[in-house]
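# sequence first, predicted model second:
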Amino acid sequence: MVPRRGDVLTVTPWLAPIVWAGTFDPQIIDEAPDAVPTNVTMAAGRQLRVIKVPKYSRWQEISMRRMEFIQKAIDEEDIRRRANYIFCVDVDMRFHSRVGAEILGRLVAVLNPWLHKSDRAQFSYERREISAAHIPAGKGDFYYAGGFFGGAVGEVYGLVAACRAGVEADRAAGVEARWQEESHVNRYLLSNKPTKVLSPEYNTMMRR
C-alpha cells in the first residue's frame, strides 16, 4: 500500500480521486493485469497521424477554435471506433516524467498550476453574465487547466461540443470569455463533475 499524502487534497467533495505523486503505485497500475483494461494495450505497428489546423494571427483565436478542431477530429478520423480514451494536451507540452494508466478515467481534468492553492474567490472564472462561460460569484469547485483534459471518447466529445457551442454563442454576442476555451471548460466541469482530477504536477509550467 502506498500511504496517502497528508499535505494535499486527495479526493473531491463528490468523491472523485485527485491523483498526486505518491498516492498510487505506478508498477501496480501499469503492470497488474487486473488493474488495467486490456483494451488500452498499444498494438505493434501503431501510427502517429498529424492533423493540420489553420493558422491564425491571434493566439486567442487558436485557443478558442481548439474545441472545434477536436470535435471535428473525433467525427472525421473515426476516433470513436479506433479508441476508448482520448486526451487533449497543449502541443508545446514536454513530458519530464512518466504518465501512465493512472490518468485514465471517464472524464478527467487537471488542476491549474497557478491557482490550485488559491481560494475560490481568486479563481479567474468568467464572471460576466453575458458570456456562456459565466460562473456566478460563490460558485465553482476547482480551477481547471484548459491545456490538458481527457477521458472516454464520448465524454470528451460532450465536453468539446458544449464548449464549442459556448464559444460560438459568445462570438454571436460579441464577447470573448476571459480565458477563451479554458473558461468554457471550467463552466462545463461545474455542471459535469470530472470522475478523476489530476494534480498540477501533470501541467506544471517549467521555466527554461
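The structure has been received and is ready for your questions.
# the residue nearest in space to the middle of the chain sits in which helix or strand?
The structure's the chain has its C-alpha centroid closest to Phe149; by C-alpha atoms, centre = their mean the separation is 1.6 Å. Taking DSSP states H and E as the criterion, the element that holds Phe149 is strand 144-152.
# what is that strand packed up against?
strand 85-89, strand 107-111, helix 153-173, helix 180-191, strand 196-198 (3 or more C-beta pairs under 8 Å, 6 or more residues apart in numbering; DSSP states H and E). All C-beta atoms are positioned from the backbone trio N, CA, C, and that covers glycine.
# now with 10 Å, please.
When contacts are defined as 3 or more C-beta pairs under 10 Å, 6 or more residues apart in numbering; DSSP states H and E, strand 144-152 packs onto helix 59-76, strand 85-89, strand 107-111, helix 153-173, helix 180-191, strand 196-198.
# so how far is it from its chain's centroid?
Put simply, strand 144-152 sits 1 Å off its chain's centre (C-alpha atoms, centre = their mean, to the nearest Å).
# ok, stretch 88-96 next?
That offset, for stretch 88-96, works out to 12 Å (C-alpha atoms, centre = their mean).
# got a list of contacts for it?
53, 62-63, 66-67, 69-70, 73, 99, 110, 145-151, 156, 159-160, 185, 201-204, 206 (C-beta atoms under 10 Å, 6 or more residues apart in numbering).
# can you say which of these are buried?
Buried by 16 or more other C-beta atoms under 10 Å: 62-63, 66-67, 69-70, 73, 110, 145-151, 156, 159-160, 185, 201-203, out of these.
# give me the low-pLDDT residue ranges for this protein?
Residues of the chain meeting the criterion pLDDT under 70: 1-4, 27-43, 45, 47-48, 205-208.
# same thing but 50
Residue ranges of the chain with pLDDT under 50: 1-3, 33, 35-40, 207-208.
# report the beta-bridge partners for the closest residue to Asn192 other than its chain neighbours.
Excluding its sequence neighbours, the residue lying closest to Asn192 (C-beta to C-beta, 6 or more residues apart in numbering) is Leu107, at 6.8 Å. For Leu107, the beta-bridge partners are Gly151 (DSSP bridges).
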